[in-house]
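Participant: using only what follows, build the 3D model:
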Amino acid sequence: MSKAKLAIFFLRLISLGAVLFTAIAILEALRGFPAMKMFGFEPPPLPSGCMVVATIIVLIPLSLVPAFAGWMIQKHVVLPREIAERRRREEAFSREDRLRAWMTYTADLLLRHRALRNLPGDPMPGLVRTEIARAFRELDTERWERFRAFLREVGLGPELEEVSPPVAAFAPMGQPTVASPKHGCVRLAAATLALMSFFLLLFTGLGFMTQLKFKPYAALGIVPGPAETLLGLWGCWVPAIVLGLAATGLLRMWRQMLRSLQERETERQSVRDLALKSALDQIDILARWMEVEGAGSDVLVQRIARAAVLTAMPELDGVCRGKLIRALFEMKWLTAGKLSLAGVDLQGTELAGASLPGICLAGTDLSGADLNGVDFGRADLQGCFFQRSDLRSARLTAANFRGADLRHVRLQKAALEGANLRDVLLDGANFWGAGLSGADLTGAQGTAEFLVLPTN
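Facilitator: Here you go, the predicted model:
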């Protein structure tokens, strides 16, 4: 719910209130201003027709000024942003697909010409200059950066420097998303407006009944009828109508924004799924290529697989990152050092309850990851960052945590028997109920909570 839309909404409400006031003023002029007479005021000494014309000429344009201002904001601010955002969302999937195609094409070229790399007959520099430069015109800024990281990871950094990306590659893809207010604040505001409207309507009803039943102005010779009485109370029921419409409109705008966010998240999830599928397909192709060629542990294949994972990670959320790690483990890419993920950002990865014994994630950043109940037995986790991760009830027997950052990690009831915890950082870590029999804490730094070492 952007500030521009809220401004448009309230400008329209102001215009509606002004239009209602104008209508009442016209009715008063047509009837000879009975409400003014009822309260002892003398009406203007002009014919009613002249007063109606003057009211229409003066008040109607003034009442429409806020609505016109809202229309201008809608036309020049809100609509361009919505069009740009819609275009960006529609193009995100296709551009992610183009990124997948260019990664596959580059990997295929590398594998096809691997025997000629860095030799006089190496065709890759020319292909990079003539073909890959075309990719920069098909990708947006984010995916261009990811593709550039892929090229550097697979060893095409020098050739990449010779390619000058077009300016269009850096064109903005829409306005940044505006943070929405909390649901409780919107409901409180709508309830407040509705309550004010109710009290104003209640006061209008009480005043109307009092005028008709007790006739307080009869002594002055003023006995208004129902219509005159209702018009005389316009200062109560007009704001009541406006406030009621404001409450209803605010809730309606909130529901529309929620639907828009859900649609945006659905589209975003489809892009994530495509990025995940792209990485897994690329790695599956590499695994089959090694089987056919009998290449075994090929350095180039490992670099391409690592580049595919690195390129996919920025697009993935915690759930998709967890799926990718599980799939790589099941395909035996993360055992025995076959694929190194050192330096890969795995923050927020969700692997709760996963069974990954012997996995190699050395050097990765698992800060804030959900690893509740995970099986990391005999895992290689040297130098990993686990800050504020959840490792409660995790099976970490004989795992190698040497040099890892375990600050503020929750390790309640974790099984750490025989684990290598040399030189780890332990500030704020919680070891309540953790099994530490045989664990090596030599050189560990920091103060942890409930860290009780077994006595021999």
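Participant: count of residues packed around the nearest residue to D365 once chain neighbours are set aside?
Facilitator: Of all residues not flanking D365 in the chain, F385 sits nearest, at 4.5 Å (C-beta to C-beta, 6 or more residues apart in numbering). Just so you know, the C-beta spots here come from the backbone N, C-alpha and C atoms, and that holds for glycine as well. The local packing of F385 (other C-beta atoms under 10 Å) involves 21 other residues.
Participant: so F385 sits against R407, correct?
Facilitator: No. At 9.0 Å, F385 does not count as touching R407 under the criterion of C-beta atoms under 8 Å.
Participant: packing partners of the helix or strand encompassing L212?
Facilitator: If you go by DSSP states H and E, L212 is part of helix 183-214. Helix 183-214 sits against helix 226-232, helix 234-293, with contacts defined as 3 or more C-beta pairs under 8 Å, 6 or more residues apart in numbering; DSSP states H and E.
Participant: got the contact list for the closest residue to G446 other than its chain neighbours?
Facilitator: Spatial nearest neighbour of G446, chain neighbours left out: D427 (3.6 Å); criterion: C-beta to C-beta, 6+ apart. Counting by C-beta atoms under 8 Å, 6 or more residues apart in numbering, D427 makes contact with 407-408, 445-448.
Participant: thinking again about what came up before, residues touching the residue nearest to D365, list them.
Facilitator: Taking C-beta under 8 Å, 6+ apart as the test, what F385 contacts is 364-367, 404-405.
Participant: equivalent analysis for R98, please.
Facilitator: Contacts of R98 by C-beta under 8 Å, 6+ apart are 135, 138-139, 143.
Participant: check H408 too.
Facilitator: Applying C-beta under 8 Å, 6+ apart, the residues contacting H408 are 387-388, 427-429.
Participant: hmm, try it at 7 Å
Facilitator: Listed by C-beta atoms under 7 Å, 6 or more residues apart in numbering, the contact set of H408 reads 387-388, 428-429.
Participant: now name the helix or strand holding it.
Facilitator: Counting by DSSP H and E, no helix or strand carries H408.
Participant: pLDDT of stretch 257-277, averaged?
Facilitator: Across stretch 257-277, pLDDT averages out at 90.
Participant: give me the three-state assignment for the residue nearest to G446.
Facilitator: For D427, the assignment made with DSSP: H, G, I helix; E, B strand; the rest coil gives coil.
Participant: how much space between it and D365?
Facilitator: Using C-beta to C-beta, to the nearest Å, D427 is found at 18 Å from D365.
Participant: repeat that for L99.
Facilitator: L99 is 23 Å from D365, by C-beta to C-beta.
Participant: who has more neighbours, those two?
Facilitator: Between L99 and D365, L99 has the larger neighbour count (other C-beta under 10 Å), namely 26 against 22.
Participant: quick one: contacts for the more buried one?
Facilitator: L99 neighbours (C-beta under 7 Å, 6+ apart): 139, 143, 146-147.
Participant: nearest to E85, of those residues?
Facilitator: R143 (17.3 Å; C-beta to C-beta).
Participant: out of the contacts of F385, give me the one that has the most neighbours.
Facilitator: Counting neighbours by other C-beta under 10 Å, L366 leads the contacts of F385 with 27 neighbours.
Participant: ok, it touching F386?
Facilitator: Yes. Using C-beta atoms under 7 Å as the test, L366 is close enough to F386 to be in contact (5.4 Å).
Participant: and the gap between the nearest residue to K413 once chain neighbours are set aside and L451?
Facilitator: What sits nearest to K413 in space, not counting adjacent residues and going by C-beta to C-beta, 6+ apart, is G433, at 4.2 Å. Here G433 is placed at a distance of 11 Å from L451 (C-beta to C-beta).
Participant: neighbour count: the two, which is higher?
Facilitator: A direct count of neighbours by other C-beta under 10 Å for G433 and L451 places L451 higher, at 17 against 13.
Participant: and the more buried one, what does it touch?
Facilitator: L451 makes contact with 426, 431, according to C-beta under 7 Å, 6+ apart.
Participant: now do L346
Facilitator: With contacts defined as C-beta under 7 Å, 6+ apart, L346 is in contact with 321, 364-366, 369.
Participant: ok now stretch 309-321, how far from the chain's centre?
Facilitator: 15 Å (C-alpha atoms, centre = their mean, to the nearest Å).
Participant: list the buried residues for that stretch?
Facilitator: For stretch 309-321, burial by neighbour count (16 or more other C-beta atoms under 10 Å) applies to 309-313, 315-316, 318, 320-321.
Participant: measure it end to end?
Facilitator: Distance across stretch 309-321, first residue to last, is 10 Å (C-alpha to C-alpha, to the nearest Å).
Participant: which members of the contacts of D427 are the farthest-apart pair?
Facilitator: Spanning the widest gap among these are H408 and Q445, at 13.9 Å by C-beta to C-beta.
Participant: could you redo the helices and strands packed on helix 183-214 as a markdown table and give each row mean neighbour count and distance to L339?
Facilitator: Formatted as a markdown table, those follow (neighbours: other C-beta atoms under 10 Å; distance: least, C-beta to C-beta, whole Å):
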| stretch | mean neighbour count | distance to L339 |
| --- | --- | --- |
| helix 226-232 | 16 | 79 |
| helix 234-293 | 16 | 8 |
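Participant: wait, doesn't A312 sit right on A275?
Facilitator: Yes. Taking contacts as C-beta under 7 Å, A312 lies within contact range of A275: 4.8 Å.
Participant: name the helix or strand of the protein that has the lowest mean pLDDT.
Facilitator: helix 34-38 (a mean of 58; mean pLDDT, DSSP states H and E).
Participant: once you drop chain neighbours, what's closest to T447?
Facilitator: Closest to T447 by C-beta to C-beta, 6+ apart is D427, at 6.2 Å.
Participant: where does pLDDT dip in the stretch 301-450 of the chain?
Facilitator: Across the stretch 301-450 of the chain, the ranges flagged by pLDDT under 70 are 337.
Participant: name the nearest residue to R388, sequence neighbours excluded.
Facilitator: H408 (4.8 Å).
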